[in-house]
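> Predicted structure and sequence below. I'll ask about it afterward.
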Amino acid sequence: MGNNTDKRRVVNACARCRQHKIKCSGDSPCGNCRQRKVRCKFEGEDTKVHITKKHFSGLKLRNRELEEENRALQQRLEAHLNAVSRVPVGGSPCPTPPLNHPSVPSVPSAVSSLKPPGVAQDEADEDDGSSTMVNPLSCGPPKYITDTAGRPHYLGHTSSWSLTIRLLHLTHQALYKCPFPSAAHHVDTMTYSLQWNGLRSPVIPDIRGLPSLDHALFLLNATKFRTGQIFHLFDEPRFLAQIHQFYNDPCNPSHTDSLWFIHFLVIMALGKAFIGEKSRGTSPPGAEYFTRAFMMLPDYSFMWKDPCTAAELLCAMALYLQSIDWRTSANNLIGQALRIMQVHGYHTNVSGVTNGKDLIRCQNIWWTVYVLERQTSVLLGVPLAVNDSDITASLPNDTESVARTLTIAIHVKLSQAFSQVVNSLYKGSENLNSSYVKTSQDVLQRVADVASDLREYFPVPEPESLNGISRVSGYLNLLYHRCIMLAIRPFLFGLVETCVALDNPGMTVPMPIQLLLQVCLESAKKTVYILDSLHDQTLLEWFLPFDLESAVSASLVITMATVACPYLVESPQTWLSRISTLLDQIIDKGNLIAADQRRELNELQDLCAKLTAEPRMPRQHTGSQSYASVQPRQGVIQAPLSPDNTEYVAGTVPGGVEAAAAARDICPGPGPGQIDALDWARDMTPSQLLGVVDMLNGDDLLNWMDFPNNYLGTGGID
């Protein structure tokens, strides 16, 4: 009896050994976990696996709530479609475009798929805690840096600026055992100056130095060309009429004492920036007009009574401030515009209050405020100001411009995808557990739903195509790829942290996660391709921040990949060199912010190059070689994916043969490390992205990576 007792398996196995069905020593930590340098966790002997009556009752209650929400959404959708079919123009009904017309896109089909993301993953937070998958960019205490004056600056979760700083601190700390010097960072309002201390006093409108009428019309058209298809900053018929009235009698106080004159100055400032006027020292282009408008801007208490004009003005000012890196002020102004719109109910269906052109204007203004609020919040890394579930406003259905209507629809869908990324993947919870992988699945599913519309209506031309890329197509496709990179880069950053934290990472990445990282890299490469195409058409935007943000995001993804998974990125220096060339083009136009960001990116790339050159960080995976020599375990790749080893892959990857087949469709050829990355970047389809998403199913992925507790989300910043 004694010998049998000694030989039997240990009952009290740790969670990791139990999940992978391998023998556990029973020690704390056990031998397997010590060998892999991961956290060893033992579950209590009284752990229950059955469902309690209380939990069962809660599930039934939740099911009833979801059914009620579904009915409400169906009713809202039917009401919207009915409203779209009877939009009046001039008091008489007008027909909607035919749904099956070969040259006119189906607007209602694009509109009908705009649904709030809902309540998503709340129940998942009640997970049993057996998984350690978290978002290292949002968990843990808040992170700050201090400027040269000692003022703290918050590092937002979704901000590429914040990610750059965290990576600089992380790599610098690993190499030199000290933080990256704070004086080397550029912070809010440091690059450009408006030559104003912010103190308000009674301002007499100054009409001296204004452009002539023809010059003003030229600047207006420049602003319209650069922004008119994606943002509504002014109502053109009204604005043109007021310009002519003003120039007919410029000394009339009725023109200069209104919000319109401030609005006019801001549009002129944007126009001067768009025509390529370079900065004068630290004064941005158009500052002479914008500062005058900023000084005349009345308090919020006196603006809300004219909501449409006030919101158009605040959107234009927020866009200018965001472009000169005054991000906090831009976020504040767009927040004011949002609250003005909400006070007047523009976030609801206002078709019963107004109609015709006025209705379209109200809808255009609301959705411009919405998408700009999403953009500024993501760029700054702060929580969103309004939930999608609180919005019932309809999209504009301008029968005179179907292309613009479709542009707004896709723009809003992409902004809703950003909302889900921020609210689901970057919420400040340290206990996401299995919900993180599942939520990533939901987010990428939503992003993939937009891809079909983009490929059909706003495609990116191939290199040999006779047609050049349009500015609208470039903007929407760049936004799409930024959303993918934002959703996936926490996985990549977590790998970087682990590689930096451990002398020998000793970690194998599951095939679905490898493919997920590959999707992120292909989005980065596709971003570079789109930016190159825009540059070839002289459409690369040097003043607005969005092209610059896309270039920085792509550079960060590729740079992190050189540390975390170098076997997944082919010729990284070639891609980084192309990004550097694009940044040089933006800098040559006079953008001082691009110069600061290129300097920081170059410093980060140098630190990462030194880090990967250290003996503690060998490049262990090339071709068919395993990333780390560890014991095979369920749910990971130990051999290259090829037709010859389909049986092995099907037995180790969640999803079986279907998953393996999906992987072959996504990564044809000898293996994930040997595919032609550029060809895939050009040919990746929504179905292939969904194939990767489907492969994220399976509980064996939930603890594929254990981030060290002392490095979790810190980025090396105290």
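Sure, I can see it. Residues are numbered from 1 along each chain as shown.

> What number of residues are in the vicinity of N332?
14 (other CB atoms under 10 Å). All C-beta atoms are positioned from the backbone trio N, CA, C, and that covers glycine.

> Show the model's pLDDT score for it.
For N332, the pLDDT comes out at 95.

> From T376, how far out is it?
From N332 across to T376, the span is 9 Å (CB to CB, to the nearest Å).

> Assess the claim that Q229 and R404 are in contact.
Yes: Q229 is within contact range of R404, at 6.4 Å (criterion: CB atoms under 8 Å).

> give me every residue that touches L583.
By CB atoms under 8 Å, 6 or more residues apart in numbering, L583 lies in contact with L548, A551, A594, Q597, R598, L601.

> that's a strand at it, yeah?
No: looking at L583 with DSSP: H, G, I helix; E, B strand; the rest coil, it is helix, so not inside a strand.

> Please, which helix or strand holds T376?
Using DSSP states H and E, T376 maps to helix 356-380.

> Now do the buried residues in that helix.
Neighbour-count burial for helix 356-380 flags 359-380 (criterion: 16 or more other CB atoms under 10 Å).

> What mean pLDDT does the helix or strand where L604 lies get?
Assigned by DSSP H and E, L604 falls within helix 592-613. For helix 592-613, the mean pLDDT works out to 92.

> who touches that helix?
Contact with helix 592-613 is made by 161, 164-165, 167-168, 171-172, 174-175, 184-186, 191-192, 279, 282, 324-325, 500, 542, 545, 548, 552, 555-556, 559-560, 562-563, 566, 576, 579-580, 583-584, 586-587, 617, 619, as judged by CB under 8 Å, 6+ apart.

> do that again at 6 Å, thanks
164, 167-168, 171-172, 175, 186, 191, 325, 548, 552, 555, 559, 562-563, 583, 586-587, 617 (CB atoms under 6 Å, 6 or more residues apart in numbering).

> Now stretch 238-248: buried residues?
Under 16+ other CB under 10 Å, the buried positions of stretch 238-248 are F239, Q242, I243, F246.

> where are the low-confidence patches of the stretch 401-550 of the chain?
428-435, 503-508 (pLDDT under 70).

> Spell out which helix or strand contains the residue nearest the centre of the chain, please.
Closest residue to the average C-alpha location of the chain: C483 at 3.7 Å, with CA atoms, centre = their mean. C483 is located in helix 471-501, with elements delineated by DSSP H and E.

> So the residue nearest to the centre of the chain versus I165, what's the distance?
In terms of CB to CB, C483 sits 22 Å off from I165.

> Which pLDDT value goes with D676?
D676 is assigned a predicted lDDT (pLDDT) of 40.

> Also A639?
According to the prediction, A639 has pLDDT 30.

> what's the distance between the helix holding T376 and the middle of its chain?
Chain-centre distance of helix 356-380: 17 Å, with CA atoms, centre = their mean, to the nearest Å.

> from now on call the first residue 30
New numbering, starting at 30: the last item is helix 385-409.

> Packing partners of whichever helix or strand comes after that helix?
For helix 385-409, the succeeding helix or strand toward the C-terminus, using DSSP H and E, is helix 431-449. Packing partners of helix 431-449 (3 or more CB pairs under 6 Å, 6 or more residues apart in numbering; DSSP states H and E): helix 136-141, helix 385-409, helix 464-486, helix 500-530.

> now what about the helix holding T405, what contacts it?
Contact with helix 385-409 is made by 117-119, 185, 187-188, 260-261, 264, 337, 340, 344, 351, 356, 359-360, 363, 366-367, 370, 375, 379-380, 413-414, 422, 425, 427, 437, 440-441, 444, 447, as judged by CB under 6 Å, 6+ apart.

> List buried members of those by neighbour count.
For those, buried by 16+ other CB under 10 Å: 185, 187-188, 260-261, 264, 337, 340, 344, 351, 356, 359-360, 363, 366-367, 370, 375, 379-380, 414, 422, 425, 427, 437, 440-441, 444, 447.

> ok, which stretches of the stretch 80-229 of the chain are helices?
82-114, 136-141, 189-205 (DSSP state H, counting those that start in this stretch).

> which phi and psi does H215 have?
With angles defined as degrees, to the nearest 10, H215 sits at phi -100, psi 130.

> Could you report the separation of it from S469?
Applying CB to CB to H215 and S469 gives a distance of 31 Å.

> Low-confidence bits of the stretch 80-229 of the chain, can you list those?
Along the stretch 80-229 of the chain, the parts satisfying pLDDT under 70 run over 83-84, 87, 94, 97-98, 101-102, 104-162, 212-213, 225-229.

> could you redo the last one with a cut-off of 50?
115-160 (pLDDT under 50).

> Could you export stretch 491-499 as CSV, CA atoms only?
C-alpha atoms of stretch 491-499 as CSV (Å, rounded to 0.1, in the frame of the first residue of the first chain):
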residue,chain,number,x,y,z
GLU,A,491,-2.7,48.7,-56.9
PRO,A,492,0.7,50.0,-57.9
GLU,A,493,0.1,49.2,-61.6
SER,A,494,-3.3,50.8,-61.6
LEU,A,495,-4.0,53.8,-63.9
ASN,A,496,-6.0,55.5,-61.2
GLY,A,497,-4.4,57.3,-58.3
ILE,A,498,-5.6,57.1,-54.7
SER,A,499,-8.1,59.7,-53.5
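
> buried residues in that stretch?
So, applying 16+ other CB under 10 Å, buried residues of stretch 491-499: I498, S499.

> For I608, grab the count of nearby residues.
Counted with other CB under 10 Å, I608 comes out at 23.

> Next, work out how far apart it and A623 are.
In terms of CB to CB, I608 sits 11 Å off from A623.

> Please apply the same query to T320.
Distance from T320 to A623, by CB to CB: 22 Å.

> How about F260?
If you measure F260 against A623 using CB to CB, the figure is 21 Å.

> List the contacts of C549.
M514, I517, V586.

> Ok, M219 next?
For M219, no contacting residues are found, by CB under 6 Å, 6+ apart.

> counting contacts, what elements does the helix or strand A590 falls within pack onto?
A590 is part of helix 575-593 when elements are defined by DSSP H and E. For helix 575-593, the elements it packs on are helix 189-205, helix 500-530, helix 540-565, helix 601-617, helix 621-642, judged by 3+ CB pairs under 6 Å, 6+ apart.

> can you put these in CSV and add distance to D235?
Output for the helices and strands packed on helix 575-593, formatted as CSV (distance: least, CB to CB, whole Å):
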stretch, distance to D235
helix 189-205, 35
helix 500-530, 34
helix 540-565, 37
helix 601-617, 32
helix 621-642, 27
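
> and D243, which of those helices is closest to it?
helix 500-530 (24.3 Å; CB to CB).
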